[in-house]
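Asks: return atomic coordinates for the entry below.
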Amino acid sequence: MEMRVRKERIRGVPRRGSLFTAAAALLMAAPVVQLILGKVLEDFYRSTTVLPCLLAVAGGILLLTARGKQAGYTVGGLLAILGSSVVISHMLLLPAMLLWGLSAIGVSWNKPVSRLLKGRSLPVLNLAAAILAAVSALLCLDTVGSMPAFALPLALAAVGTVLLCTAADAQTFLPLSPEQRAQQAPRVRYRSVLRPGMLGTLGAVLLLVCEVWQLIDLFRLMSAFHVSLGTLLQPALIFAAAVLLLLRAQNGPRLLPAAILLLIAQTLALFSMQQTVMYAEEMGAALQQTQRIALLFFSVLLLLIGAVGTTWNRPVGKGRPVPLCSAIAAALAAGNGIWAAVYRVSLIVEETRVDFDSAQGLIRSLLLPVGLVLVNLAMEGRQTEANVRKVDGSKYRRGLTGFAANFYSDVGGKLQLLAKICGVLYLIMGVLGVVAIALGIVILLLQLFGLIPPSISPMSLLMAGLIIIASALILAVGTWPLYAFGQITADLHAIRKDGVHASGAAEVPAVGSAATGTGPSADNPDELPEL
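Replies: This next block holds a predicted model:
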């Protein structure tokens with residue numbers, strides 16, 4: 001493989017000091033101050049949401065805790081500038097953020113343009129980003145003339161962005177070659193798994209109770225109103241995820257499909273709230289509810305990332321360490337629960353009375369976030385090593401040619417993996433069919449006791465469940481030919497590459513080869529035995 005000439009690159013590295021710390025603090029404070037002013041002054045058009053505040057705070061924390069790691073510095077700066085960009089809502093801030101991120105990654109033409117104190121230099125991309133951020137702030141000054149108080153978050157965001165862009169030094173480095181990158185030691189990944197105990201079980205039970213309660217209410221509404229399939233699918237997915245969490249194995253393999261089901265359910269909830277916001281009379285209350293659902297969405301997303309495993313998902317805390325993704329997910333779920341509790345309590349205070357419906361609403365709003373908090377706190381980190389890359393020129397090619405070479409290598413193994421994935425999906429579909437049959441039986445029993453009106457027919461759920469189970473079994477069996485074809489392809493590729501001994505044919509007792517000498521010889525291992 002022909003070696004490519006590597007060019008030196010220049011990137012902007014943070015200059016640790018008071019200016020860098022002030023920049024991170026100002027970028028975190030800008031959207032928070034904007035949110036507070038929007039609530040206090042009751043200005044809907046200038047108020048911001050919780051999401052930019054979370055992005056800015058997360059970015060500022062990454063900046064302050066990067067500890068010399070360029071990846072944490074780059075991601076933290078991008079998140080902090082993106083969160084503060086809501087305050088400076090101008091088109092010039094987006095290219096400023098992109099220029100700063102490009103400088104943090106490093107390019108060959110990012111030359112230093114000025115000599116500062118003690119021989120330090122500023123990259124040209126950082127200077128251009130600082131100028132664009134300052135111009136954006138100046139162009140936005142005319143929009144705060146009616147409300148001078150909103151000039152404060154604007155100044156915080158502008159000064160913080162300019163300080164972050166200028167508090168950097170130009171560093172020249174030579175990127176690693178593909179050979180050097182392949183020879184590096186594999187990095188340890190940390191995967192979140194459920195530790196055995198009552199904490200995770202209690203969290204899963206709370207999720208189960210919440211969704212069973214929701215499904216019962218939906219079935220009661222079906223007698224008078226039309227309930228869409230998406231509305232029924234969301235609690236059914238969370239119910240299935242809670243069952244998977246309760247039936248976890250010792251090494252926790254069911255956490256990943258449970259996290260996927262929870263993420264799909266929260267995505268459906270966000271889409272449902274988007275439709276509600278479009279037709280809501282009180283826009284502010286609908287937006288607040290959307291923000292609460294967004295907190296749960298990001299909490300479940302972090303739960304999924306922790307289940308997959310990353311290098312930075314290290315355990316944090318003393319006594320009972322929790323993986324970083326699970327700790328942040330628990331904090332977001334707790335924020336959702338506190339927000340929902342404050343909203344419900346405010347409604348009770350406005351009505352100046354406490355009845356069964358208000359208490360029931362308060363309890364139901366807390367079941368899901370408290371369950372997610374307990375599930376995340378019951379996690380423990382488990383180390384998994386990444387796959388070692390082989391030092392071979394055809395193995396570490398990058399770019400489009402490397403992707404194509406990796407995509408079309410080991411096609412037989414990929415076909416087998418595809419067959420397994422399809423089989424798992426069909427089996428999950430069969431589980432949903434079992435859930436539908438169980439719900440139909442529950443509705444039939446509740447009708448016998450007179451708790452549900454007889455207008456709701458459980459036969460539709462029973463028939464749908466049977467059809468889903470039969471279809472899932474037929475489709476799962478239909479993956480066998482695909483798996484067999486992948487296995488044959490992998491065996492033929494192994495015979496072509498390493499000889500007959502690499503396949504399963506070499507393990508067959510070679511009676512004829514020992515007696516008659518017609519089998520494969522040591523000099524010619526690719527010679528197939530006679531049948």
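
Asks: which other helices and strands does the longest helix belonging to the chain contact?
Replies: Criterion DSSP state H: the longest helix present in the chain is helix 459-498. Helix 459-498 sits against helix 411-448, with contacts defined as 3 or more CB pairs under 8 Å, 6 or more residues apart in numbering; DSSP states H and E. From N, CA and C alone the C-beta is placed, and that goes for glycine too.

Asks: any idea how far Gly317 is from the closest residue to Gln383 other than its chain neighbours?
Replies: Nearest residue to Gln383, sequence neighbours excluded (CB to CB, 6 or more residues apart in numbering): Val188, at 5.2 Å. Per CB to CB, to the nearest Å, Val188 is found 19 Å from Gly317.

Asks: got it, and Leu93?
Replies: 37 Å.

Asks: give me the phi and psi for the residue nearest to Gln383.
Replies: Main-chain torsions, Val188, degrees, to the nearest 10: phi -80, psi 130.

Asks: tell me what it is bridged to.
Replies: Applying DSSP bridges to Val188 yields these beta-bridge partners: Glu385.

Asks: skipping adjacent residues, who's closest to the spatially most central residue of the chain in space?
Replies: Nearest to the mean C-alpha position of the chain, by CA atoms, centre = their mean, lies Leu301 at 3.6 Å. The shortest distance from Leu301 to any non-neighbouring residue, by CB to CB, 6+ apart, is to Leu263 (6.1 Å).

Asks: and the protein, what are its domain boundaries?
Replies: Segmentation of the chain into domains, based on automatic domain parsing, reads 9-175, 187-386, 411-505.

Asks: got any ranges where the stretch 301-450 of the chain has weak pLDDT?
Replies: Across the stretch 301-450 of the chain, the ranges flagged by pLDDT under 70 are 352-354, 356, 385-406, 449-450.

Asks: how about the helices in it?
Replies: For the stretch 301-450 of the chain, the helices defined by DSSP state H, counting those that start in this stretch occupy 324-351, 356-377, 399-407, 411-448.

Asks: neighbour-wise, which of Leu93 and Gly317 wins?
Replies: Neighbour totals were compared for Leu93 and Gly317, and Leu93 leads with 26 against 11 (other CB atoms under 10 Å).

Asks: and the more buried one, what does it touch?
Replies: When contacts are counted by CB atoms under 8 Å, 6 or more residues apart in numbering, Leu93 touches 81, 85, 132-133, 136, 161.

Asks: also Ile216?
Replies: So Ile216 contacts Leu446 (CB under 8 Å, 6+ apart).

Asks: what helix or strand is it located in?
Replies: According to DSSP states H and E, Ile216 maps onto helix 198-221.

Asks: buried sites along that helix?
Replies: 199-201, 203-211, 214-216, 218-220 (16 or more other CB atoms under 10 Å).

Asks: quick one: pLDDT of the residue nearest to Val13 when sequence neighbours are not counted?
Replies: Among residues not flanking Val13 along the chain, Gln171 sits closest, at 4.7 Å (CB to CB, 6+ apart). The model reports Gln171 with a pLDDT of 79.

Asks: surely Leu19 touches Ala167?
Replies: Yes - counting by CB atoms under 8 Å, Ala167 is a contact partner of Leu19 at 4.6 Å.

Asks: between these two, which one's more packed in?
Replies: Ala167 (22 against 13).

Asks: quick check: phi and psi on that one?
Replies: Taking degrees, to the nearest 10 as the convention, Ala167 sits at phi -90, psi 60.

Asks: quick one on the thing from earlier: just want the angle from the helix holding Ile216 to helix 324-351.
Replies: Counting by axes from the mean of the first three to the mean of the last three CA atoms, to 10 degrees, helix 198-221 lies at 50 degrees to helix 324-351.
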